[in-house]
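*Asks:* Fold the following, please.
(chains A and B)
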Amino acid sequence: MSLLEIKDLHARVGDREILKGIDLTVEAGEVHAIMGPNGSGKSTLAQVLAGRELYVVTGGQVIYDGKDLLALSPEDRAREGIFLAFQYPVEIPGVSNMYFLKAALNTIRKHRNLPELDAMDFLERIRQKMTAMNMDQTLLNRPVNAGFSGGEKKRNEIFQMAVLEPRLAILDETDSGLDIDALKLVSAGVNAMRSPERAMVVVTHYQRLLSEIVPDYVHVLADGRIVKSGGKELALELEEGGYAALGIQEETEAVGQR
Amino acid sequence: MTAAAEQIGNWVSEFTKWEPQRPWIQRLREAAFQRFSELGFPTTHDEEWRFTNVAPIARATFRVGYADEGVTIGGNDRGVENPNAAEVADHLGHYASFQQNAFVALNTAFLDAVLTVPVIRVPAGMIVERPIEIDWEVPEERACDPDYSSPLAAQPRTLIIVGANAQCTIVETYKGAGRYFTNAVTEIVAGDGAVIDHYKVQRESVDAFHVATMQVVLGRSASFTTHSISLGGALVRNDIGVTLSEGSDATVNGLYLVNGTQHVDNHTVIDHAKPHGTSHELYKGILDGRASAVFNGRILVRKDAQKTDSKQTNKNLVLSDDAVIDTKPELQIFADDVRCTHGATIGQLDAESLFYLQSRGIGKAQARSLLTQAFAQDIVDRIKVPELRNQLEKVLSEKFHEYGNY
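*Replies:* The predicted structure is shown next:
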């Protein structure tokens, strides 16, 4: 049984159809890259998988670990092991990172029939993971993402992923807004999470992330459909020839993004 | 008899049953009752009361309790003096005017013996470390005493005199059980350079009426901060007035939480009477159910009050479709070299934030409750008395837990 099976998925936002029949199968242990020009539907796919209500699924199905994923609430998807690293992590003033992450980890642990962690055990568990992401401990007492730089927000996403240990991680443009050092740090964090039990779907516009996080498969999304699939070399082809070499026009208007 | 006359008539027997007081108090009482009779209870035709209908109070019959019943004063073990009668006479009733406000008139009409009114006096230059706690409590057996046919009308009255360059923290708490009416008046006078950190926590029963006026007069360069936390009551009206002098600084913050059919009305008046004054005002409200709230913030900058710097913000989080908020800034500026800003927002929980929390496994109800609590957090964080802040955090987290549960 595949970990994730997407069949003929259609989705719209408002009156506009964005996903026009996506088919994708991801096995445990694999890393799939989804590339494509702006407006092709990459972020929409990521958000639909995580359960964002803004997007209405109009057709097709998604089977995750044998379950009908689309029937689950966003929180149940997370508890079942899906994690979305946001392209634009939202700032939540008034909720501390520590409180937020502890609440998240404990709900997920409870779902997995593991005992909840108290503050001490929690700190113990995350300390090393913070260091790995070069994150200052003071960030824990600050409100979620509030006042974080773009790079700090992205590092915080990967740090959360490390703490929550998902089975399927979806990284939405995790490389955007990162300088080269931050990109290497984030990529190292992601690579450290690769394992035979865990799959990753890496959404990106550019090839540069894929030199750091080397995918098993690359898919090119255009106008709501996967138009080409291949191995990691497909990303290099795109880097050289651009999307135009595949006969894909870049849309200037971003759809499905803020 | 007209309805209005009948409503006043209910109070006449209460007024006359009281023993004659010291002559100056008795004169004040009589003048106040006379004025109350003329004014009558306000109606929604009065601009100041447009959104708050006090008919449930006006129509009811109450018995008046002694002002000192149910009050305890704590914390002021050192440094706070008992003022003499002459000094009280110099201040009592001088700031909260009963000429325009029927509720202040009613409260003043039921002033009793001088020393049963809590009077806090902090001498010049004294720094009182521990918060002075003034707790007004109406236990259920007093609210609806079986010996009486009518519920209690408590008329709490507080006078706080803070000398020049003195510093103190004051926490006023109002709470109770059952159905009753609290009609409170607090007067605070601060000498030059005084620093006062004031809190009012209103935790009345959900069946209670609570009307309160606080009038504050600041000396030169005096600094006054107040946080008005409104949690309980069926029908609540808070009037806060602060008059600034040259270089004085006023921070007037508030938090109101209403649910069910609760109604809370916060009216504030910041009077910049002299130059170089600064005022900051932040009121935040959380509304749920079919509750309603009013915020009316008047900022008056008089002709003399050049170089005034004033900022007012009112933010509301509306959790249900049926809750109603009326918010209105009122800037009256007669000086030309001033900086005054105001802003009001009314919003729901942010869908993106909710999704973010849910995408990490946090259930929708808990996510709602977390975000609601987060909205109130910046007011809570400003509370400098740790016990009060902890107590409030606990109460709020219980309340927000209820809010999340749907």
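*Asks:* ok and the residue in chain B nearest chain A?
*Replies:* Nearest residue of chain B to chain A, counting by Cβ to the nearest Cβ: B:Ala374, 2.8 Å away. (Each C-beta comes from the backbone N, C-alpha and C, glycine too.)
*Asks:* before we move on, what SS does that residue have?
*Replies:* helix (DSSP: H, G, I helix; E, B strand; the rest coil).
*Asks:* Can you report phi and psi for the residue nearest to it when sequence neighbours are not counted?
*Replies:* Spatially, and ignoring its direct neighbours in sequence, B:Ala374 is nearest to A:Gly94 (2.8 Å; Cβ to Cβ, 6 or more residues apart in numbering or on different chains). Per-residue torsions, A:Gly94: phi 90, psi -10 (degrees, to the nearest 10).
*Asks:* Hmm, A:Gly94 is touching B:Phe375, no?
*Replies:* Yes. Contact status for A:Gly94 versus B:Phe375: in contact at 6.4 Å, counting by Cβ atoms under 8 Å.
*Asks:* Compare those two (neighbour count), which wins?
*Replies:* Neighbour totals were compared for A:Gly94 and B:Phe375, and B:Phe375 leads with 23 against 18 (other Cβ atoms under 10 Å in any protein chain shown).
*Asks:* Enumerate every residue touching that one.
*Replies:* A:Gly94, B:Lys284, B:Ile286, B:Lys315, B:Leu317 (Cβ atoms under 8 Å, 6 or more residues apart in numbering or on different chains).
*Asks:* tell me which parts of chain B are close to chain A?
*Replies:* Applying Cβ under 8 Å from any Cβ of the partner chain, we find that chain B lies next to chain A at B:350-353, B:355-364, B:366-367, B:370-371, B:373-378.
*Asks:* I'd like to know which of these are buried.
*Replies:* Neighbour counting by 16 or more other Cβ atoms under 10 Å in any protein chain shown classes B:350, B:352-353, B:355-364, B:366-367, B:370-371, B:373-378 among those as buried.
*Asks:* Show me chain B divided up by domain.
*Replies:* B:3-245, B:350-406 (automatic domain parsing).
*Asks:* Could you save the ones you listed as a markdown table and add columns showing mean pLDDT and distance to B:Asp271?
*Replies:* What follows is these, written out as a markdown table (pLDDT from 0 to 100; distance: least, Cβ to Cβ, whole Å):
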| stretch | mean pLDDT | distance to B:Asp271 |
| --- | --- | --- |
| domain B:3-245 | 89 | 4 |
| domain B:350-406 | 90 | 23 |
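*Asks:* For chain B, what's the nearest residue on chain A?
*Replies:* A:Gly94 (2.8 Å).
*Asks:* Chain B contacts on the stretch 1-150 of chain A?
*Replies:* Checking the stretch 1-150 of chain A against chain B by Cβ under 8 Å from any Cβ, the hits are A:50-54, A:73-75, A:77-79, A:83-84, A:86, A:89-90, A:92-95, A:99-101, A:103-105, A:107-108, A:111, A:143-144.
*Asks:* again, only using 7 Å
*Replies:* A:50, A:52, A:73-75, A:78-79, A:84, A:86, A:90, A:92-95, A:103-104, A:107-108 (Cβ under 7 Å from any Cβ of the partner chain).
*Asks:* Take these and keep only those in helices.
*Replies:* Residues of those located in helices (DSSP state H): A:Ala50, A:Pro74, A:Glu75, A:Ala78, A:Arg79, A:Ala103, A:Ala104, A:Thr107, A:Ile108.
*Asks:* what sits against the closest residue to the first one other than its chain neighbours?
*Replies:* Nearest residue to A:Ala50 in three dimensions, chain neighbours excluded: A:Leu84, at 3.9 Å (Cβ to Cβ, 6+ apart). Contact partners of A:Leu84, counting by Cβ atoms under 7 Å, 6 or more residues apart in numbering or on different chains, are A:Ala46, A:Ala50, A:Ile170, A:Asp172, B:Ser359.
*Asks:* Try it again at 10 Å.
*Replies:* A:46-47, A:49-52, A:74, A:77-78, A:157, A:161, A:166, A:168-172, A:201, A:203, B:355-356, B:359-360 (Cβ atoms under 10 Å, 6 or more residues apart in numbering or on different chains).
*Asks:* Can you pull out the low-pLDDT segments for the stretch 151-258 of chain A?
*Replies:* The stretch 151-258 of chain A contains residues with pLDDT under 70 at A:250-258.
*Asks:* For it, what lies in contact range of chain B?
*Replies:* A:Gln160, A:Val163, A:Leu164, A:Pro166, A:Ile170, A:Arg258 (Cβ under 10 Å from any Cβ of the partner chain).
*Asks:* Let me know the secondary structure of the residue nearest to A:Arg208 when sequence neighbours are not counted.
*Replies:* Residue nearest to A:Arg208 in three dimensions, not counting chain neighbours: A:Asp175, with 6.6 Å by Cβ to Cβ, 6+ apart. Here A:Asp175 is coil, with the state taken from three-state DSSP.
*Asks:* who does B:Asp326 bridge with?
*Replies:* B:Val294 (DSSP bridges).
*Asks:* ok, B:Asp350 to B:Gly289 distance?
*Replies:* 21 Å (Cβ to Cβ, to the nearest Å).
*Asks:* Show me where the stretch 251-400 of chain B has its helices.
*Replies:* Remark: helices assigned in the stretch 251-400 of chain B by DSSP state H, counting those that start in this stretch are B:351-358, B:364-381, B:386-404.
*Asks:* Quickly list what A:Asp68 is bridged to.
*Replies:* A:Ile63.
*Asks:* Which of the domains of chain B sits closest to A:Gly60?
*Replies:* domain B:350-406 (21.2 Å; Cβ to Cβ).
*Asks:* for that closest one, the distance to its chain's centre please.
*Replies:* Average the C-alpha atoms of domain B:350-406, do the same for its chain, and the two points are 24 Å apart (Cα atoms, centre = their mean, to the nearest Å).
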